[in-house]
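# Quick one, fold the following:
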Amino acid sequence: MHALEKIFAKNSGREQVTAGEIVTAKVDFAEINDLYLQTVYSFYEIGGDKVWDSEKAAFVFDHYAPAPDIKSAANHAEMREFAKKNNLRFHFDTNCGVCHQVMPEAGVIYPGMIVVATDSHTTTHGAFGAMGTGCGATDMATILMTGELWFRIPEIIEVRLEGNAPKGVYPKDVILSVLGKLKADGAVYKAIDFTGSYVDSLNVAGRMVICNMAVEIGAKTAYMQPNKDVLNYVSERAVRPYDVQYTDPDFKYEESYVFDVSVLEPLLACPHSVDNVDTLANVIKGKTVELAQGYIGSCTGGREEDIAVAAEILRGKKIPKYTRLVVVPASNEVMQLCLEKGYIGDLINAGATITTPGCGACLGAHEGILAPGEVCISSTNRNFPGRMGSTKAEIYLASPATVAASILNGKITDPRDYV
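Numbering: from 1, shown residues only. Okay, here's the model as predicted:
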């Protein structure tokens, strides 16, 4: 079996599972973000009284943090009351950050587990050797009541990433190259196992970027075999024992794709689709793409490494007048580290706006939304019309280095001359 299949088998009390089967499996951790107050209502509607395990469920207030309007503030208040009533050990309020960042930091994500959250980018946690996937309010209510959920065992695709990334090429460029080839429907309800020498040597942050955007290929979940960096990270934080699951050497993938990372160059996902991928050089060939805003943040591009490279590029410089750079650290922990290392000061001095850790404008709620006709270059994960504000704005997705180099010049710019 594949490691993911072993996780499903373990949590469903079976010796073996195969692709296409439907099983009922125990959930090791459940997370509800502040878009999903309906989960609380559904919980009571189906007869729920107390959460099945107060140690294994949490709310994260990240999409509307801090609350930008009366409705979201009221939602937070109701969810806080539910958390208090159930004495939840873990509760991440508006001071914490994005769910997919704060959960690993808190030690509730570890190899061999099943984590389900009310967020499609829960595929991120495959970076830790976990089975992570998203669900809706009714399914989450079922989990809160019983600690279990049904799953269809997904077919598994291998995406093998080989080689070393050239200067100016980052994990965001790598996953965009995969998206450009496989497209947004290339792995619908399938799992993607990222393998290869590039993955083996990749740090925790880079792994999270790649697994995060597996859902943009349609994947139900993503997986990477934990390496030394992951195991060191988890061993320092994990709140409970864990077992690393390994894939049998004779496992047969449904499909395999091989990418040579060493030949990549900086890439962009152009408006208005995340799989509308082209090289940066092609996009700016013979034309200038002028920018109103640069955006560095989210569960894809708001970690210490992302903010550090932006600070490196912008240190001692100023962004142009009438442009703006919004920087949203993925968590309070990231914010503190970046403050201690001087990155935040460098960015403020360059003219950046630093906002509360959280999702910010990634979903078009607040903290940097776009006006009609504006063009933004962003380190986030989606660029369809209206994602960050007006449906008449345009969003280019890129690495944090490309975002920083571009906003420095007020136009899309190759980062390789700046790093």
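# For the stretch 51-200 of the chain, which segments count as helices?
Secondary structure of the stretch 51-200 of the chain by DSSP state H, counting those that start in this stretch: the helices cover 70-85, 99-106, 137-146, 171-182, 197-200.
# Mean neighbour count added to those, as JSON lines?
Just so you know, the C-beta spots here come from the backbone N, C-alpha and C atoms, and that holds for glycine as well. Output for the helices of the stretch 51-200 of the chain, formatted as JSON lines (neighbours: other C-beta atoms under 10 Å):
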{"stretch": "helix 70-85", "mean neighbour count": "15"}
{"stretch": "helix 99-106", "mean neighbour count": "26"}
{"stretch": "helix 137-146", "mean neighbour count": "20"}
{"stretch": "helix 171-182", "mean neighbour count": "24"}
{"stretch": "helix 197-200", "mean neighbour count": "18"}
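# would JSON lines of those helices with distance to Gly286 and mean pLDDT be doable?
Output for the helices of the stretch 51-200 of the chain, formatted as JSON lines (distance: least, C-beta to C-beta, whole Å; pLDDT from 0 to 100):
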{"stretch": "helix 70-85", "distance to Gly286": "44", "mean pLDDT": "98"}
{"stretch": "helix 99-106", "distance to Gly286": "39", "mean pLDDT": "98"}
{"stretch": "helix 137-146", "distance to Gly286": "48", "mean pLDDT": "98"}
{"stretch": "helix 171-182", "distance to Gly286": "21", "mean pLDDT": "98"}
{"stretch": "helix 197-200", "distance to Gly286": "32", "mean pLDDT": "98"}
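# Quick one: closest of the ones you listed to Ala214.
Closest to Ala214 of the helices of the stretch 51-200 of the chain, according to C-beta to C-beta: helix 171-182, at 7.8 Å.
# Distance of Leu37 relative to Ala352?
33 Å (C-beta to C-beta, to the nearest Å).
# go on, Arg416?
22 Å.
# higher neighbour count, the two?
Ala352 (23 against 16; other C-beta atoms under 10 Å).
# Can you name the residues that contact the nearest residue to that one once chain neighbours are set aside?
Counting by C-beta to C-beta, 6 or more residues apart in numbering, Ala352 lies nearest to Leu325, which is 4.3 Å off, once chain neighbours are set aside. By C-beta atoms under 8 Å, 6 or more residues apart in numbering, the contact set of Leu325 is 293-296, 314, 319, 347, 350-353, 403-404, 407.
# Just the buried residues from those, in ChimeraX please.
Under the burial definition 16 or more other C-beta atoms under 10 Å, those of the contacts of Leu325 that qualify are selected in ChimeraX by:
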select :293,294,295,296,314,319,347,350,351,352,403,404,407
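# Break this protein down into its domains, please.
Using automatic domain parsing, the domain ranges for the chain come out as 3-259, 267-417.
# Quick one: mean pLDDT over stretch 352-360.
Stretch 352-360 shows a mean pLDDT of 96 in the predicted model.
# Let the chain start at 337 from now.
Okay, residue one is now 337; in that scheme the one you just asked about reads as stretch 688-696.
# What residues does the residue nearest to Glu357 when sequence neighbours are not counted make contact with?
Residue nearest to Glu357 in three dimensions, not counting chain neighbours: Ile489, with 4.8 Å by C-beta to C-beta, 6+ apart. Ile489 makes contact with Glu341, Phe344, Val353, Thr354, Ala355, Gly356, Glu357, Ile358, Val359, according to C-beta under 8 Å, 6+ apart.
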